[in-house]
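I would like the atomic coordinates for the input below:
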Amino acid sequence: MAADGSTPKTADSKPAVSKRSRSRRPEAFEVTMWVTNLHDVEFGIYQHSRNQAKSRQFSKDMDIFAEIKVNGERAGLLSYRKDLWESERSMEKRLVIKLFSPTLNWRATLDLMNARSVQLTHGARGLPVVAMSANLDDHDHMVHIERSANKWTGLPENYSFFLFDEGQVRFYRLRKKWLSIGQDYVLYDWANRKVGLLDGRVVNLGGKWKVRLDPEHATNKLVAVLQLFCGFLKFRSACMSHVAGLTAALGNSKLSTKLEQTEADLYMNPRRVR
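Residues are numbered from 1 along each chain as shown. Below is the predicted model:
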């Protein structure tokens with residue numbers, strides 16, 4: 001195992017995923033949410049400034065809120081842009097979660113896409129449909145994660161996304177379990193086979209998830225997406241309310257539909273003339 005908690009890539013003859021994208025990461029990990037900032041990563045007067053110096057992705061308003069552990073050892077950190085999320089500027093209020101290694105090397109970013117979410121929610125006649133976009137350090141394509149609008153009251157919600165794998169696309173679906181104390185989600189592959197579980201544990205006010213994956217699907221790309229999704233679950237209810245509120249206010253002339261610049265950039269035409 002490497003210093004950052006990862007495992008080296010190994011060849012695998014099984015056809016479910018390619019040899020090139022076999023995971024250097026584990027088939028099981030834990031994500032624990034911190035309730036306060038009294039932890040070793042940010043404790044100290046100048047520690048936040050030191051963290052900024054370690055990575056350009058660690059902006060001034062970043063707040064680390066969770067750690068990822070593998071076999072009891074820290075393997076990653078989750079943070080979010082606190083000032084951006086606590087903004088009261090309607091469409092410019094946005095959730096941005098970043099995944100870092102224990103030494104604060106950037107691994108992935110998850111963006112709440114306000115415009116896309118409002119579009120889908122408006123089309124679903126008010127049912128909150130959250131849309132997110134993930135950028136992974138070892139993946140050339142963006143990963144779009146969306147809540148299904150096919151949702152009846154009292155029935156479990158679903159989120160879907162796909163990953164590229166040597167020219168092929170691998171489709172996945174996360175379905176909330178019917179009855180559970182925590183926020184439990186089952187991961188299904190393109191053939192509707194159960195290939196993973198996000199087991200939510202109510203152990204503290206922050207929350208904790210134990211994640212297990214089928215070895216054939218434990219690619220580093222999928223692991224990163226699931227780690228980001230666990231981070232999103234901390235803010236899930238607030239995101240749903242935010243998107244529903246924006247959609248309900250569309251007819252209000254006082255609502256500003258100006259997007260935060262980073263989100264606007266994510267909608268740019270990749271074929272535009274530069």
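
so where's the protein uncertain?
Filtered on pLDDT under 70, the chain yields the residue ranges 1-26, 36-55, 202-206, 273-274.

how about the strands in it?
With DSSP state E as the criterion, the chain has strands at 28-33, 62-70, 73-81, 96-100, 106-112, 131-136, 143-147, 158-165, 168-176, 185-188, 194-201, 208-213.

Report the buried residues of stretch 233-242.
By neighbour count on 16 or more other C-beta atoms under 10 Å, the buried set for stretch 233-242 is 233, 234, 235, 239, 240, 242. In short, each C-beta sits where N, CA and C put it, glycine included.

Which of these sits closest to residue 172?
Nearest to residue 172 among the buried residues of stretch 233-242 is residue 233, at 16.1 Å by C-beta to C-beta.

Any idea which residue is closest to the centre of the chain?
residue 228 (2.7 Å; C-alpha atoms, centre = their mean).

my read: that one touches residue 97, true?
Yes. Contact criterion C-beta atoms under 8 Å: residue 228 and residue 97 qualify, at 5.9 Å.

who touches both of those two?
78, 109, 110 (C-beta atoms under 8 Å, 6 or more residues apart in numbering).

Just the buried ones among the residues you listed, please.
Among the shared contacts of residue 228 and residue 97, those classed as buried by 16+ other C-beta under 10 Å are 78, 109, 110.

Include distance to residue 28 when you put the residues you listed into JSON lines, please.
JSON lines is the format used below for these (distance: C-beta to C-beta, whole Å):
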{"residue": "78", "distance to residue 28": "17"}
{"residue": "109", "distance to residue 28": "24"}
{"residue": "110", "distance to residue 28": "21"}
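
Just the closest of those residues to residue 184, please.
Ranked by distance to residue 184 (C-beta to C-beta), those are led by residue 78 at 19.0 Å.

where's the nearest residue to residue 120 once chain neighbours are set aside relative to residue 65, distance?
Distances taken as C-beta to C-beta, 6 or more residues apart in numbering put residue 129 closest to residue 120, at 3.7 Å, once the chain neighbours are dropped. When C-beta to C-beta, to the nearest Å is the yardstick, residue 129 and residue 65 sit 25 Å from each other.

How about residue 131?
22 Å.

Please apply the same query to residue 107.
Taken as C-beta to C-beta, the span from residue 107 to residue 65 is 16 Å.

ditto for residue 124
30 Å.

Could you check which of the two has the larger neighbour count?
Each of residue 124 and residue 65 has its neighbours counted (other C-beta atoms under 10 Å); residue 65 has more, 22 against 16.
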